[in-house]
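1. no FASTA, just this:
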């Protein structure tokens with residue numbers, strides 16, 4: 001998107017579900033969706049719901065809370081994702097996240113398949129214990145006044161996805177969950193790495209739609225394999241009388257952040273906050289300057305911006321410049337501006 005959308009270009013999001021808080025969100029991703037990443041994504045979309053990386057209950061209760069949970073006020077609406085399986089600990093962690101840090105939503109991870117998560121008896125292995133998940137949701141609901149949601153898979157290992165997802169949904173609905181975000185793949189806890197679990201098990205969007213058909217009052221968002229705004233719009237459209245309440249994009253939004261510029265106009269009928277990647281960086285500069293003044297290294301921020309300008313002339317030089325220069329002591333805004341200059345020159349040369 002190279003120029004700000006005019007009013008006539010906006011898609012009016014008047015269909016049912018348009019106002020759902022979960023209409024569009026960026027997935028929680030370990031090592032990626034930290035506060036710097038979320039602040040950058042917020043520059044690109046006012047309306048996207050942003051999620052933290054997963055934080056364990058033990059870390060919230062006993063760890064360095066400000067480092068783990070602190071964030072910039074510009075990130076709202078922002079949800080915290082918790083990992084855990086003890087209802088009491090989850091209730092206490094949720095209370096801390098909401099009362100002390102002001103998060104807008106608490107999400108329970110029932111989808112991560114890593115060995116570390118399994119060893120802690122949380123994440124995707126909880127698909128086998130829907131009753132416990134229900135107890136966890138009920139405890140968090142009693143502790144906080146903001147929405148409590150669950151992100152899950154359609155099943156694990158040899159589970160029947162029809163039975164597994166239905167049982168999980170029944171338990172969390174009875175406990176009062178506000179929404180269910182479903183990664184439309186099984187997780188294989190033995191034999192596949194976390195990376196493989198994001199790609200190898202086949203997607204089953206139809207299973208998620210069947211759940212929405214059977215539980216029309218439960219807000220349901222679809223996650224997994226969505227790589228573009230066009231595909232997201234297609235999955236949000238009504239089909240066979242079923243309309244999902246939202247979509248969640250992960251790696252696509254991180255690796256090509258400019259696609260977030262299409263979220264507000266095409267999914268909410270509102271003008272984007274900035275016109276393009278160049279304007280996004282200008283809008284983000286005050287945040288970067290403030291963090292640099294606090295002693296944050298430039299590379300800790302710009303690592304989330306390497307996918308910007310993807311496919312444009314000069315994008316490779318932009319990435320290379322940031323990768324080699326932003327890590328150097330004392331690197332500041334001039335380093336970022338020099339990287340952007342490669343793309344500006346590339347655009348001029350391409351137009352010549």
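-> Perfect, I can see it now. For clarity, every value in this text was computed on a predicted model and none was experimentally measured. Numbers count the residues shown, from 1 in each chain.

2. same for the helix or strand containing residue 107, what does it pack against?
-> Assessed by DSSP states H and E, residue 107 sits inside strand 105-110. Here strand 105-110 touches strand 49-56, strand 78-83, helix 130-143, strand 148-152, going by 3 or more CB pairs under 8 Å, 6 or more residues apart in numbering; DSSP states H and E. (Glycine included, C-beta is placed from N, CA and C.)

3. just these: most buried one?
-> strand 148-152 (a mean of 27; mean count of other CB atoms under 10 Å).

4. what residues sit buried inside the lengthiest helix in the chain?
-> Looking across the chain with DSSP state H, the single longest helix is helix 333-351. By 16 or more other CB atoms under 10 Å, the buried positions in helix 333-351 come out as 335-336, 339-340, 342-343, 346-347.

5. in the stretch 101-250 of the chain, what residue spans correspond to helices?
-> Counting by DSSP state H, counting those that start in this stretch, one finds helices in the stretch 101-250 of the chain at the ranges 115-119, 130-143, 161-175, 194-197, 205-214, 229-236.

6. turn those into CSV, columns for distance to residue 269.
-> CSV is the format used below for the helices of the stretch 101-250 of the chain (distance: least, CB to CB, whole Å):
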stretch, distance to residue 269
helix 115-119, 38
helix 130-143, 32
helix 161-175, 30
helix 194-197, 36
helix 205-214, 23
helix 229-236, 12
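
7. and residue 150, which of those is closest to it?
-> helix 161-175 (5.1 Å; CB to CB).

8. can you tell me the average pLDDT over the closest one?
-> For helix 161-175, mean pLDDT is 97.

9. and the angle for it with helix 130-143?
-> Interaxial angle of helix 161-175 relative to helix 130-143 (axes from the mean of the first three to the mean of the last three CA atoms, to 10 degrees): 30 degrees.

10. quick one: residues contacting residue 177.
-> For residue 177, the contact set (CB atoms under 8 Å, 6 or more residues apart in numbering) comprises 137, 141, 148-150, 218.

11. and these, which two are furthest apart?
-> Going by CB to CB, the pair spanning the contacts of residue 177 furthest: 141 and 218, at 14.6 Å.

12. neighbours around the residue lying closest to residue 76 once chain neighbours are set aside, how many?
-> Distances taken as CB to CB, 6 or more residues apart in numbering put residue 104 closest to residue 76, at 6.2 Å, once the chain neighbours are dropped. Residue 104 sits with 16 neighbouring residues when counted by other CB atoms under 10 Å.
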